[in-house]
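Next input, structure requested:
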Amino acid sequence: MTGHDIASPERVTTNLPPVPTDLRLVVTDMDGTLLDEHKRIPESLWPLLTDLDRRGIVFSPASGRQAATLLDQLGHALPELVVIAENGAVVARGSEKLSVTPLDASAVREVLDAAQELATAGLDLGVVLCGPDTAFVERSDDPFLAQVRPYYHSHEIVEDLRRVDGPFVKVAVYDFVDVEKDTAPRMTSLEGAMQVVVSGRNWLDVMAPGVDKAVAVRAVQQRLGITPAQTMVFGDYLNDLAMLGTAEYSYAMANAHPEILSAAAYLAPSNAENGVVRTVRAAIGLPDLR
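Predicted coordinates:
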């Protein structure tokens with residue numbers, strides 16, 4: 001992580017943060033970062049993607065969402081879009097998988113058992129079992145599926161998650177109340193080969209050890225010959241924390257979790273203020289939208 005001071009809150013609405021002079025890679029989280037407060041892609045992103053592509057600057061979403069979802073959302077604008085999906089467990093360029101890191105089958109069973117225990121104890125939660133291409137769920141009620149659909153465009157409802165064939169790259173748990181209160185402590189107490197990351201107020205992700213967005217970003221940088229000094233990274237929540245260390249120009253959104261605000265080099269306008277697009281436009285010499 002870099003040790004720069006975070007900008008004052010006033011700076012969010014008066015001046016954009018510093019930007020690199022030789023930008024080659026833009027990596028951004030989706031929810032709470034690129035997407036606005038209504039979880040919509042800002043319309044101003046589309047002409048920006050055209051500008052970035054023309055200048056040879058790679059744009060890469062890095063998200064807990066599955067690759068199919070990210071490609072559905074953004075791939076039509078950039079056919080060779082590089083996506084960092086499932087919090088880094090899957091990296092894809094278009095339909096080609098560049099890397100897939102599976103979660104050990106015994107760890108999957110442990111997580112499923114723990115989730116069942118919590119549900120039996122009265123917690124209102126649902127589980128998403130994530131393969132490289134398709135996600136699987138048991139719960140089929142509308143409230144739960146309404147949370148699943150935006151993140152997992154390719155999903156199937158099954159009778160028993162334990163009977164689905166792997167490999168699996170992630171187990172995601174949605175807690176309708178607050179995932180950090182009861183669900184996260186239970187999952188972090190498990191002893192199997194796994195790591196647990198809180199990715200939102202209600203979502204928790206379990207992946208293989210060593211898998212995170214940072215590892216995936218560094219792999220993309222190495223593959224494309226891009227340095228941290230040529231990279232901008234944007235994030236807002238705890239699953240973005242490690243990723244901030246991959247770029248000299250790391251930005252916390254003004255709406256970010258306190259740990260992200262402390263770790264990032266700079267502060268960007270909030271997702272509601274179109275902070276990612278505005279900051280990247282400044283980096284390539286385009287006028288501010290506001």
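
So for the spatially most central residue of the chain, what's the pLDDT?
Closest residue to the average C-alpha location of the chain: residue 63 at 2.0 Å, with C-alpha atoms, centre = their mean. pLDDT recorded at residue 63 is 93.

was I right about it contacting residue 35?
No - Residue 63 lies out of contact with residue 35 (C-beta atoms under 8 Å); the separation is 9.7 Å. Backbone N, C-alpha and C define where each C-beta goes, glycine included.

And the residue nearest to the centre of the chain, how close does it get to residue 86?
According to C-beta to C-beta, to the nearest Å, residue 63 stands 8 Å off from residue 86.

ok, now which ones touch the residue nearest to the centre of the chain?
Applying C-beta atoms under 8 Å, 6 or more residues apart in numbering, we find residue 63 in contact with 29, 30, 31, 69, 70, 83, 84, 85, 87.

Which of the three states applies to the last one?
Looking back up the chat, that one is residue 87. helix (DSSP: H, G, I helix; E, B strand; the rest coil).

That one and residue 205, how far apart?
Applying C-beta to C-beta to residue 87 and residue 205 gives a distance of 5 Å.

what do those two both touch?
With C-beta under 8 Å, 6+ apart, residue 87 and residue 205 have common neighbours 64, 170, 197, 199, 239.

Show me just the buried residues among those residues.
64, 170, 197, 199, 239 (16 or more other C-beta atoms under 10 Å).

Closest one to residue 21 out of the residues you listed, please.
residue 239 (29.3 Å; C-beta to C-beta).

which residues touch that closest one?
Residue 239 touches 29, 64, 87, 197, 198, 199, 205, 212, 213, counting by C-beta under 8 Å, 6+ apart.

In TSV, list those along with distance to residue 223 and secondary structure.
TSV is the format used below for the contacts of residue 239 (distance: C-beta to C-beta, whole Å; DSSP: H, G, I helix; E, B strand; the rest coil):
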residue	distance to residue 223	secondary structure
29	20	coil
64	22	coil
87	19	helix
197	24	strand
198	29	strand
199	25	coil
205	24	strand
212	17	coil
213	15	helix
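
Columns distance to residue 46 on top of the residues you listed, output as CSV?
Output for these, formatted as CSV (distance: C-beta to C-beta, whole Å):
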residue, distance to residue 46
29, 19
64, 23
87, 26
197, 30
198, 31
199, 26
205, 29
212, 29
213, 24
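
Sort those residues by pLDDT and name the bottom one.
residue 199 (84).

Go ahead and confirm that residue touches residue 236.
No - under the criterion of C-beta under 8 Å, residue 199 makes no contact with residue 236, lying 10.5 Å away.

ok, which stretches of the stretch 51-200 of the chain are strands?
58-61, 82-85, 90-93, 96-100, 125-130, 135-137, 155-157, 170-175, 195-198 (DSSP state E, counting those that start in this stretch).

So which of those is nearest residue 265?
strand 58-61 (18.8 Å).

which outside residues touch the closest one?
24-30, 34, 49, 52-53, 70, 73-74, 78, 81-84, 217, 220, 224, 226.

Note down every partner strand of it and its orientation.
strand 25-28 (parallel) (DSSP bridges).

Report the mean per-residue pLDDT for the partner strand.
97.

Tell me the buried residues in it?
25, 26, 27, 28.

Let me have those residues in CSV, extended by distance to residue 163.
Listed next are those as CSV, based on distance: C-beta to C-beta, whole Å:
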residue, distance to residue 163
25, 41
26, 41
27, 37
28, 37
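
With residue 136 as the reference, measure out to residue 216.
Counting by C-beta to C-beta - residue 216 and residue 136 are separated by 23 Å.

got it, and residue 190?
20 Å.

ok, back up a step: in the buried ones among the shared contacts of residue 87 and residue 205, find the pair that's most separated.
It's 170 and 239 that sit farthest apart of these, by C-beta to C-beta, at 11.0 Å.

Number of residues surrounding residue 254?
Neighbourhood size, residue 254 [other C-beta atoms under 10 Å]: 20.

Would you agree residue 172 is in contact with residue 203?
Yes - with contact defined as C-beta under 8 Å, residue 172 reaches residue 203; the gap is 6.2 Å.

So for those two, which sits in the more crowded spot?
Ranked by neighbour count (other C-beta under 10 Å), residue 172 and residue 203 place residue 172 first, with 27 against 21.

for that one, what are its contacts?
For residue 172, counting by C-beta under 8 Å, 6+ apart, the contacting residues are 64, 127, 128, 130, 135, 151, 199, 203, 204, 205, 206.
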